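A.B. asks: turn this into a structure:
(2 chains)
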Amino acid sequence: MKLYEFQAKQIFARFGIPTPRGEVASTPEEARAIAERIGRVVVKAQVHAGGRGKAGFVKVADTPDQAAQLARDMIGKKHAGLPINRVLVEETIEIASEYYLAATIDRTSKRAIIMASAEGGVEIESVAEHTPEKIIKLAIDPAYGPLDFEIRDVVTAAGFDPKAARAISQVAKKVYDVMLACDASLVEINPLVVTTDGQVIAADGKFDVDDNALYRQKDLAQFREESEEDPIEAEAHRRGVTYVRLDGDIGIIGNGAGLVMTTIDLVARAGGKPANFLDIGGGAQADSVREAIEIVLMDPNVKGILFNIFGGITRGDEVAKGILAGTETLDIKVPIVVRMAGTRAEEGRRLLEGTNLTPAAGPIEAAEKIIQLAKGQ
Amino acid sequence: MGILVGSDTRVLVQGATGREGAFHTSQMVEYGTKVVAGVTPGRRGTDVSGVPIFDTVAEAVEATGANTSIIFVPPPFAGDAICEAVASGLDLVICITEGLPTLDVVKAMRFAAENGARVIGPNCPGVMTPGEAKVGIMPADIFRPGNIGVVSRSGTLTYEVVNLLTEAGLGVSTCVGIGGDPIIGTTFVDVLDLFRDDPATSAVILIGEIGGSDEELAAELIGHGYPKPVVAFVSGRNAPPGKRMGHAGAIISGNTGTAKSKVEAFEAAKVPVEPTLDQVVQRIRGLVPAK
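C.D. replies: Model prediction:
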């Protein structure tokens, strides 16, 4: 789950990481009121996408009127396809230098790492690609946490302003504390600013929370907002269905993430365009299979559905019952091709005999058949 | 023979009395796996499919001489279950549970590494040496013993490829499901190292997917010289960046974890990457001596 900049900064402040004075506004009037309290402000669109500055979604307002006008200009617009519902109105700061500081999970070392770079204010991916040596990484032993000297080493190696080294080291430790306390998979401060009067301030924040840990992060779970999600993905999420929307017209349903991804690849390889990823999971019951069809059909682009089932814990007859329940209770106007193998596949196939569902012996044949049938739609 | 599990494996099931745990305990027993103990706190003295239940892993190990654990406990408690198994001296811990908080996994892996235990998973289907032991949840009837090692991040794709192998008259030495999470105890590289020294394994099928760089590291290892043929498969070629494709670990972040990068790495190491599992099996058939 991604948090917005203003939410990330609220958490930073709670943990003692300095942030600019500011508040979030959802209307021009609120933006004006905040600017009246603060003075000269920067107005920043709240949206989960980079490149806001270049797109004109981060701007300075000298007066409360200007702040209100900027808020009016931004709220309701879209950036990178995502709606802007709020702006963050903050005091402006005098920048002497801009750094990068983050904590994340490193899959290879199997540890949390702190990353630091003097190349702040730009996308870290581009630094990683062109000058990876400018990113200093510290893998943290979870038994000890980051040791003071390790942090000093990082701050020194990154080439940060020595006068600010102490303050930056403190922020680095707190970034790790935040990660542990919030089950974050990413806590990123970019840029971490050293101001002309020597203060260290988190000027922007990115924050991802581990979805698997939301059960014990009740405070953060409240931050979840569906407005930015695709509406079908949001509905699937509410129902606990693993669904990702794609931009094609062949609905894909299968059991197991790898099998569904592979089915998508097979359909694309045969010249079709998959409309979604939907994994009914292991041991799915008939009702969740029926629900899967319902969700896939919420996408009006879908012209056909391909079922690819390889039964292990999942039973073919149970899936077949779910498909039949779908055809009986839902108004299905598109062709369905079913490929079924593994546990109770034969029983499942027998249940589907005599219906207008199209059987397929293997996944490749299934992909070819559904593409052909969908063309007639 | 084979790797990791075999006829000398004595299995302890953590979470044996839950719905999944009880079902798969009975399945493993039915297969002939030596399941010697189950653990569910507060349930000592009961049994599941004739397997005695204990309150703690330590007392179960003491009483039964279990040497391998399989974990079905719910995600909030599974990280601790891994540590409990490691602390009780088990040297192989297989975690089936999906949905563990990542920081719990980080801690458990550190604990396992410090104590010299091997963890498989989490979020995996387990390990099976056909004819000897099944320590997992895979459907046993599709397997037949043979000389091909299988290592995979995906459960269902593993079943699919094993079924194709069986249909082609081939068999499996050991099948290792390493799991679909971002942090896993045993990686492709680790399993390739084990297959290298296993006389029962003549060739290896590796099934990877988008996310992370474990496939690239495996390609690098093979590129430096690997004594057995390896055929690879990579799923998720059409996955959009930034979206989790079912598995917590199947996500392209920035420019890392793409299928393209993995396929290129294998090709650079002269490892054939086939576009379908049928072709994987056809290719491997040409590479192993017939049995």
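
A.B. asks: okay, strands next: where are they in chain B?
C.D. replies: B:11-14, B:35-39, B:47-48, B:51-54, B:68-71, B:92-95, B:118-120, B:126-129, B:133-136, B:145-152, B:172-177, B:203-209, B:230-235 (DSSP state E).

A.B. asks: to chain A, which of those strands lies closest?
C.D. replies: strand B:230-235 (4.2 Å; CB to the nearest CB). The way it works is simple: take the backbone N, C-alpha and C, and place the C-beta from them, glycine included.

A.B. asks: which parts of the helix or strand of chain A with the lowest mean pLDDT are buried?
C.D. replies: When the helices and strands of chain A are scored by mean pLDDT, DSSP states H and E, helix A:124-130 comes last with a mean of 83. For helix A:124-130, the neighbour count (16 or more other CB atoms under 10 Å in any protein chain shown) marks A:Ile124, A:Val127, A:Ala128 as buried.

A.B. asks: one step back: next, format the strands of chain B as JSON lines and append distance to A:Thr314, mean pLDDT and mean neighbour count.
C.D. replies: As requested, these are exported to JSON lines (distance: least, CB to CB, whole Å; pLDDT from 0 to 100; neighbours: other CB atoms under 10 Å in any protein chain shown):
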{"stretch": "strand B:11-14", "distance to A:Thr314": "21", "mean pLDDT": "98", "mean neighbour count": "29"}
{"stretch": "strand B:35-39", "distance to A:Thr314": "23", "mean pLDDT": "98", "mean neighbour count": "27"}
{"stretch": "strand B:47-48", "distance to A:Thr314": "22", "mean pLDDT": "94", "mean neighbour count": "17"}
{"stretch": "strand B:51-54", "distance to A:Thr314": "25", "mean pLDDT": "97", "mean neighbour count": "20"}
{"stretch": "strand B:68-71", "distance to A:Thr314": "20", "mean pLDDT": "98", "mean neighbour count": "29"}
{"stretch": "strand B:92-95", "distance to A:Thr314": "21", "mean pLDDT": "98", "mean neighbour count": "28"}
{"stretch": "strand B:118-120", "distance to A:Thr314": "22", "mean pLDDT": "98", "mean neighbour count": "24"}
{"stretch": "strand B:126-129", "distance to A:Thr314": "16", "mean pLDDT": "98", "mean neighbour count": "28"}
{"stretch": "strand B:133-136", "distance to A:Thr314": "15", "mean pLDDT": "97", "mean neighbour count": "27"}
{"stretch": "strand B:145-152", "distance to A:Thr314": "17", "mean pLDDT": "97", "mean neighbour count": "24"}
{"stretch": "strand B:172-177", "distance to A:Thr314": "16", "mean pLDDT": "98", "mean neighbour count": "27"}
{"stretch": "strand B:203-209", "distance to A:Thr314": "19", "mean pLDDT": "98", "mean neighbour count": "27"}
{"stretch": "strand B:230-235", "distance to A:Thr314": "18", "mean pLDDT": "98", "mean neighbour count": "26"}
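
A.B. asks: got JSON lines for those, with distance to chain A too?
C.D. replies: Conversion of these to JSON lines gives the following (distance: least, CB to the nearest CB, whole Å):
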{"stretch": "strand B:11-14", "distance to chain A": "16"}
{"stretch": "strand B:35-39", "distance to chain A": "18"}
{"stretch": "strand B:47-48", "distance to chain A": "17"}
{"stretch": "strand B:51-54", "distance to chain A": "20"}
{"stretch": "strand B:68-71", "distance to chain A": "15"}
{"stretch": "strand B:92-95", "distance to chain A": "13"}
{"stretch": "strand B:118-120", "distance to chain A": "10"}
{"stretch": "strand B:126-129", "distance to chain A": "11"}
{"stretch": "strand B:133-136", "distance to chain A": "10"}
{"stretch": "strand B:145-152", "distance to chain A": "7"}
{"stretch": "strand B:172-177", "distance to chain A": "10"}
{"stretch": "strand B:203-209", "distance to chain A": "6"}
{"stretch": "strand B:230-235", "distance to chain A": "4"}
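
A.B. asks: does the helix or strand containing A:Met261 come close to chain B?
C.D. replies: A:Met261 belongs to helix A:257-269 when assigned by DSSP states H and E. Yes. Counting by CB under 8 Å from any CB of the partner chain, chain B has neighbours in helix A:257-269: A:Ala257, A:Gly258, A:Leu259, A:Val260, A:Met261, A:Thr262, A:Ile264, A:Asp265, A:Leu266, A:Ala268, A:Arg269.

A.B. asks: just the buried ones out of those residues, please.
C.D. replies: Those of these that meet the buried threshold are A:Ala257, A:Gly258, A:Leu259, A:Val260, A:Met261, A:Thr262, A:Ile264, A:Asp265, A:Leu266, A:Ala268, by 16+ other CB under 10 Å.

A.B. asks: need those in JSON lines (columns: pLDDT).
C.D. replies: Formatted as JSON lines, those follow (pLDDT from 0 to 100):
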{"residue": "A:Ala257", "pLDDT": "94"}
{"residue": "A:Gly258", "pLDDT": "95"}
{"residue": "A:Leu259", "pLDDT": "96"}
{"residue": "A:Val260", "pLDDT": "97"}
{"residue": "A:Met261", "pLDDT": "97"}
{"residue": "A:Thr262", "pLDDT": "97"}
{"residue": "A:Ile264", "pLDDT": "97"}
{"residue": "A:Asp265", "pLDDT": "97"}
{"residue": "A:Leu266", "pLDDT": "97"}
{"residue": "A:Ala268", "pLDDT": "97"}
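
A.B. asks: outline the domain layout of chain A.
C.D. replies: With domains defined by automatic domain parsing, chain A comprises A:21-91, A:95-221, A:231-375.

A.B. asks: want to try a markdown table for these, with distance to A:Lys2 as columns?
C.D. replies: Converted to a markdown table, the domains of chain A look like this (distance: least, CB to CB, whole Å):
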| stretch | distance to A:Lys2 |
| --- | --- |
| domain A:21-91 | 5 |
| domain A:95-221 | 5 |
| domain A:231-375 | 14 |
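
A.B. asks: so which of these is the most packed in?
C.D. replies: domain A:231-375 (a mean of 21; mean count of other CB atoms under 10 Å in any protein chain shown).

A.B. asks: straight-line length of it, end to end?
C.D. replies: Using CA to CA, to the nearest Å, one end of domain A:231-375 lies 26 Å from the other.

A.B. asks: show me where the stretch 1-150 of chain B has its helices.
C.D. replies: Using DSSP state H, counting those that start in this stretch, the helices of the stretch 1-150 of chain B run over residues B:19-31, B:57-64, B:75-87, B:102-114.

A.B. asks: output the first one as CSV, restricted to C-alpha atoms.
C.D. replies: Once side chains and other backbone atoms are set aside, the C-alpha atoms of helix B:19-31 remain, and they are given as CSV (Å, rounded to 0.1, in the frame of the first residue of the first chain):
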residue,chain,number,x,y,z
ARG,B,19,-7.7,-27.3,8.2
GLU,B,20,-4.7,-27.2,5.7
GLY,B,21,-2.3,-28.8,8.1
ALA,B,22,-4.5,-31.8,8.9
PHE,B,23,-5.4,-32.4,5.2
HIS,B,24,-1.8,-32.3,4.0
THR,B,25,-0.6,-34.3,7.0
SER,B,26,-3.0,-37.1,5.9
GLN,B,27,-1.8,-36.8,2.3
MET,B,28,1.9,-37.0,3.3
VAL,B,29,1.2,-40.0,5.5
GLU,B,30,-0.7,-41.7,2.7
TYR,B,31,2.2,-41.1,0.3
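
A.B. asks: no further questions, thank you.
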